[in-house]
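**Student:** requesting a structural model of the entry that follows:
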Amino acid sequence: MNRRTPATAAARAIGVVVLLALTLFPFYWMLSTAVDTSPLSRGASLLPSGLTLEHFEHVLVDAGFLRYVRVSLVVALGTVVLSGAVALLAAVAVARFRFRLRTQVLVMVLMVQMVPLEALVIPLFLQARTLGMLNSLLGLTIVYLGFSLAFAIWNLRGFVAAVPRELEEAAYMDGASWWRMFRSILLPLVAPGLVATSVFSFITAWNEFIFALTFMQDGSKYTVGVGLRTFFTQNTADWGSVMAASTIIALPVVLFFVLVQRNLAKGITAGAVKG
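**Tutor:** All right, here's what the predicted structure looks like:
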């Protein structure tokens, strides 16, 4: 039986402190620069020269950054809802039904994740132009949906396959329809997996830049990533405003993680051992 010696405990504590410092330091630097009175002359100083909220006021009031946040929320939440619904139904199909080329379909779904996004910009732009979906939030949401589905289907397939068929058969014998069985039995059991895939879909849609810049032509429809670009000029950048806007961009992601972190941990753990 191994015993933890004081030296081992101290080494672990130091390791945790170092890990936390490396993880939290970028966020501290971003926030401290956002409230610094002189961010351009700060240099390598760990502490800001003074505290002010003028950068946040400029970003929210003068620059109207909240409109970019609203657009990103609409696109990201739409991507989460659509990807969750489509991926769950697709996962049920590939996990429960037997059809020809079933394995090949799963492999092709996984291969979609390996294609660089930059290679898809031109073909998707031409396709969106042909369908009249340029400068459309729906068109951008559909693009993000395509990026999210591969991981979502592959991940949810393991959760659906882990649900015993006997539970479904028992529900059918009790007179439940397929929809009632799906809503009352299957959906609650795969909910942790839906949370894990929702986090991935949300981050994908929230942080994406290239397609939002390429597809959107109206400034009022820019997402937060494209909106952040407005604080950069050709020769310099308003670092106080950039960091204030970056803090605002990070807050919804942090809040989303806090709300779903318990189910997210369950989903990641279950997905690692099931399927």
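**Student:** any idea whether Ala171 is helix, strand or coil?
**Tutor:** With DSSP: H, G, I helix; E, B strand; the rest coil as the basis, Ala171 sits in helix.
**Student:** show me where this protein has its helices.
**Tutor:** With helices called from DSSP state H, the chain shows them at 6-34, 54-57, 66-96, 102-112, 121-130, 137-162, 165-173, 178-181, 187-189, 191-207, 210-215, 224-228, 239-273.
**Student:** okay, the angle between the fourth one and helix 66-96?
**Tutor:** In terms of direction (axes from the mean of the first three to the mean of the last three C-alpha atoms, to 10 degrees), helix 102-112 departs from helix 66-96 by 160 degrees.
**Student:** list the buried residues for helix 102-112?
**Tutor:** Using 16 or more other C-beta atoms under 10 Å as the test for burial, helix 102-112 gives Val109. For the C-beta atoms, the positions are set from N, CA and C on the backbone; glycine is no exception.
**Student:** chain center to that helix: distance?
**Tutor:** How far helix 102-112 lies from its chain's middle: 22 Å, per C-alpha atoms, centre = their mean, to the nearest Å.
**Student:** picking that back up, distance to Ala44 added to the helices of the chain, as JSON lines?
**Tutor:** Below are the helices of the chain laid out as JSON lines (distance: least, C-beta to C-beta, whole Å):
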{"stretch": "helix 6-34", "distance to Ala44": "10"}
{"stretch": "helix 54-57", "distance to Ala44": "20"}
{"stretch": "helix 66-96", "distance to Ala44": "31"}
{"stretch": "helix 102-112", "distance to Ala44": "43"}
{"stretch": "helix 121-130", "distance to Ala44": "37"}
{"stretch": "helix 137-162", "distance to Ala44": "38"}
{"stretch": "helix 165-173", "distance to Ala44": "60"}
{"stretch": "helix 178-181", "distance to Ala44": "61"}
{"stretch": "helix 187-189", "distance to Ala44": "52"}
{"stretch": "helix 191-207", "distance to Ala44": "28"}
{"stretch": "helix 210-215", "distance to Ala44": "32"}
{"stretch": "helix 224-228", "distance to Ala44": "24"}
{"stretch": "helix 239-273", "distance to Ala44": "14"}
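**Student:** setting the sequence-adjacent residues aside, check what's closest to Phe256.
**Tutor:** Leaving out its chain neighbours, the residue that sits closest to Phe256 by C-beta to C-beta, 6 or more residues apart in numbering is Phe202, at 5.9 Å.
**Student:** same thing with Ala91?
**Tutor:** Leu156 is the one closest to Ala91 (C-beta to C-beta, 6+ apart), at 3.7 Å.
**Student:** what about that neighbour, how many neighbours?
**Tutor:** Leu156 is flanked by 27 other residues according to other C-beta atoms under 10 Å.
**Student:** wait, doesn't it sit right on Leu88?
**Tutor:** Yes. Contact between Leu156 and Leu88 holds when scored by C-beta atoms under 8 Å: they sit 5.7 Å apart.
**Student:** on that earlier part again, how close does the residue nearest to Phe256 sit to Val254?
**Tutor:** Counting by C-beta to C-beta, to the nearest Å, the gap from Phe202 to Val254 is 12 Å.
**Student:** please apply the same query to Tyr28.
**Tutor:** Separation of Tyr28 from Val254 (C-beta to C-beta) stands at 14 Å.
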